[in-house]
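with the input below, show me the fold.
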Amino acid sequence: MKLKNFCTSCQKPYQGSLSACSSTSPSRVVRKSIARVLTVVNQTQKENLRKFYKGKKYKPLDLRPKKTRAIRRRLNKHEESLMTKKMQRKSRLYTIRKFAVKA
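Just a heads-up that it's a prediction; the model follows:
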């Protein structure tokens, strides 16, 4: 609703006589307010999409975290922490030993 009002008020100066200074300053304000409304609309759309795809297996590319290419290709925390059977056995048998030195 607001957007339509702003758009019509933005077109009015072009329909009438083209004066130099009187119509330029309000049109700037109108354009900025149109941008403000569109920004809010786009943000709410994106927010709704995020809610819709939350917990789903696949997400659209623009909703995935951007980060850097190297970070995206890295193993995640869970995959990094996994150990093979042999590694588990080794870590269980040879735990870190603590020694105290008498002064």
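
helices of this protein, residue ranges please.
2-15, 24-53, 69-73, 77-81, 85-93 (DSSP state H).

Throw these into a markdown table and include mean pLDDT and mean neighbour count, thanks.
Where you see a C-beta, it was placed from the backbone N, CA and C, and this is true even at glycine. Formatted as a markdown table, the helices of the chain follow (pLDDT from 0 to 100; neighbours: other CB atoms under 10 Å):
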| stretch | mean pLDDT | mean neighbour count |
| --- | --- | --- |
| helix 2-15 | 69 | 13 |
| helix 24-53 | 89 | 12 |
| helix 69-73 | 95 | 8 |
| helix 77-81 | 96 | 8 |
| helix 85-93 | 95 | 9 |
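
can I get the ones you listed in CSV with distance to Ala100?
Converted to CSV, the helices of the chain look like this (distance: least, CB to CB, whole Å):
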stretch, distance to Ala100
helix 2-15, 73
helix 24-53, 53
helix 69-73, 41
helix 77-81, 30
helix 85-93, 22
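
quick one: closest of the ones you listed to Pro60.
Proximity to Pro60, assessed across the helices of the chain by CB to CB, is greatest for helix 24-53 (7.0 Å).

show me what that closest one is packed up against.
helix 2-15 (3 or more CB pairs under 8 Å, 6 or more residues apart in numbering; DSSP states H and E).

that older thread, quick one, which of the helices of the chain is nearest to Asp62?
Evaluated over the helices of the chain, closeness to Asp62 peaks at helix 24-53, with 8.1 Å, by CB to CB.
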